[in-house]
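In: Please find the sequence and the predicted model below.
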Amino acid sequence: MSKVRVVVAGPRGKMGSEALRMIEKQEDLELVACLDHKYEGRKVSDFEELPNLDAIFYSDINNCFQSVKADVLVDLTTPEFGYLHTKTAIHYGVRPVVGTTGFTEEQLQELTDLSEEKGVGVIIAPNFALGAVLMMQFAKWAAKYFPDVEIIEKHHDNKLDAPSGTAVKTAALIKEVRETKTQGHPEEKETISGARGADVDGMRIHSMRLPGLVAHQEVVFGSSGENLTIKHDSFHRESFMTGVKLAIDNVMKLDILVYGLENILE
Ligand SMILES: NC(=O)C1=CN([C@@H]2O[C@H](COP(=O)(O)OP(=O)(O)OC[C@H]3O[C@@H](n4cnc5c(N)ncnc54)[C@H](OP(=O)(O)O)[C@@H]3O)[C@@H](O)[C@H]2O)C=CC1
Ligand SMILES: O=C(O)C1=N[C@H](C(=O)O)C[C@H](O)C1
């Protein structure tokens, strides 16, 4: 059985380092290189906190894909570089599995079109935790019956993007089934700007950032005399790794872009 050759972008990060530990344990995956804007030429094993693997760090993505044969790029970096890496990987025929969040709708559309044009599979998953994927699906189901809904997402304070990719995806899924509705009092006024959170099609997203948090979301539905709360918590980044592995396996069979892990879960 030939192994799937993987490049990880962002290997020293919280998610990237967890992905390296996951890849090290898989018999069918091989880490062939890392993309890091620092430490060009160093090996993964040079870093005490990373697994004992020989893959080399490249800072230039073109140099990386010209030097190393790769099947999949796992991107766990920043919105700016995640987007550039994904585009470049598609051009090289390397299938991106993207966990990086914060892409705009226009960027997602551009990557969807490029993936189709080149026939290169891509998976962009705002959340790889299976519990979070279920939470989003349950929220979509509930929104059919409870159109009044607010999303509260809570993350660690090193997060660059707000709202979280998960909250944006949840709102998009809810929007598919919910009639557009402006919530709250029709004449309500914010006396402090931002008090009611971000507005997506009349529903509100509130973003909390605090040290100690990892990744948490509550979707709260209101109706007369009752509330329904659907809640998910990731307490450790290991929670995302089943989904990363699933995405790597599945992207090898795709020739289009898939946005959201729910589309590959059986
Ligand atoms: N889809 C999912 O399930 C999940 C997605 N995420 C997303 O993944 C991304 C990473 O999150 P997290 O690991 O917490 O963040 P970290 O800040 O811990 O890691 C990001 C890493 O990327 C590195 N980096 C920055 N620019 C580049 C570049 N140009 N090339 C290569 N590496 C680069 C950073 O290096 P340096 O620090 O030196 O700048 C850092 O090591 C975020 O977008 C986050 O929202 C997070 C958790 C789950
Ligand atoms: O930055 C994070 O940590 C996370 N980002 C993703 C998001 O924006 O939804 C997934 C998860 O919530 C953790």
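Out: All right, it came through fine. Numbers count the residues shown, from 1 in each chain. Ligands and ions are numbered 1, 2, ... in the order given.
In: And the strands in the chain, which stretches?
Out: 4-9, 29-35, 56-58, 72-75, 95-98, 122-124, 148-155, 198-200, 203-209, 215-223, 226-234, 257-259 (DSSP state E).
In: who does the fourth one touch, helix- and strand-wise?
Out: Looking back up the chat, that one is strand 72-75. strand 4-9, helix 79-92, strand 95-98, helix 241-251 (3 or more Cβ pairs under 8 Å, 6 or more residues apart in numbering; DSSP states H and E). Placement of C-beta: from N, CA and C, glycine included.
In: Could you export it as PDB, CA atoms only?
Out: Output in PDB follows, covering the C-alpha atoms of strand 72-75 (Å, rounded to 0.1, in the frame of the first residue of the first chain):
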ATOM      1  CA  VAL A  72      -2.000  16.500   0.200                       C
ATOM      2  CA  LEU A  73      -1.300  19.900   1.900                       C
ATOM      3  CA  VAL A  74      -2.800  20.300   5.400                       C
ATOM      4  CA  ASP A  75      -3.100  24.000   6.000                       C
END
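In: Quick check: which of the helices and strands packed on strand 72-75 is buried the most?
Out: Counting by mean count of other Cβ atoms under 10 Å, strand 95-98 has the highest mean neighbour count of the helices and strands packed on strand 72-75, with a mean of 28.
In: Could you check that one against ligand 2 for contacts?
Out: No: applying Cβ under 6 Å from any ligand atom, one finds strand 95-98 out of contact with ligand 2, separated by at least 11.2 Å.
In: Relative to residue 145, how far out is the residue most central in space within the chain?
Out: Central residue of the chain (Cα atoms, centre = their mean): residue 126, 2.7 Å from the mean position. Distance of residue 126 to residue 145, computed by Cβ to Cβ, to the nearest Å: 24 Å.
In: so residue 92 makes contact with residue 65?
Out: Yes: at 4.2 Å, residue 92 and residue 65 qualify as touching, with contact defined as Cβ atoms under 8 Å.
In: neighbours around residue 178, how many?
Out: 21 (other Cβ atoms under 10 Å).
In: quick one: contacts for it?
Out: Neighbouring residues of residue 178 by Cβ atoms under 8 Å, 6 or more residues apart in numbering: 143-144, 147, 149, 201, 203.
In: Just the buried ones from those residues, in ChimeraX syntax?
Out: Per 16 or more other Cβ atoms under 10 Å, the buried members of the contacts of residue 178 correspond to this ChimeraX selection:
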select :143,147,149,203
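In: wait, what's in contact with residue 191?
Out: So residue 191 contacts nothing (Cβ under 8 Å, 6+ apart).
In: I should have written residue 203 there, sorry.
Out: With Cβ under 8 Å, 6+ apart, residue 203 has these contacts: 149-151, 171, 174, 178, 181, 183.
In: In CSV, list those along with distance to ligand 2.
Out: Shown next, in CSV, are the contacts of residue 203 (distance: Cβ to the nearest ligand atom, whole Å):
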residue, distance to ligand 2
149, 17
150, 17
151, 11
171, 12
174, 15
178, 20
181, 24
183, 22
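In: Mind picking the two most distant members of the residues you listed?
Out: 151 and 181 (14.4 Å; Cβ to Cβ).
In: who has more neighbours, these two?
Out: residue 151 (26 against 11).
In: From residue 187, how far out is the nearest residue to the more buried one once chain neighbours are set aside?
Out: Nearest non-adjacent residue to residue 151, counting by Cβ to Cβ, 6 or more residues apart in numbering: residue 205, 4.6 Å away. To residue 187, residue 205 is 22 Å away according to Cβ to Cβ.
In: the more surrounded of the two?
Out: Higher neighbour count among residue 205 and residue 187: residue 205, with 20 against 5, using other Cβ under 10 Å.
In: Is it correct that that one is in contact with residue 153?
Out: Yes: at 6.9 Å, residue 205 counts as touching residue 153 under the criterion of Cβ under 8 Å.
In: which neighbours do those two share?
Out: 163, 167.
In: what's near enough to touch the residue nearest to residue 84 when sequence neighbours are not counted?
Out: With sequence-adjacent residues excluded and distances taken as Cβ to Cβ, 6+ apart, residue 84 is closest to residue 61, at 7.6 Å. When the contact criterion is Cβ under 8 Å, 6+ apart, the partners of residue 61 are 9, 35, 84-85, 88-89.
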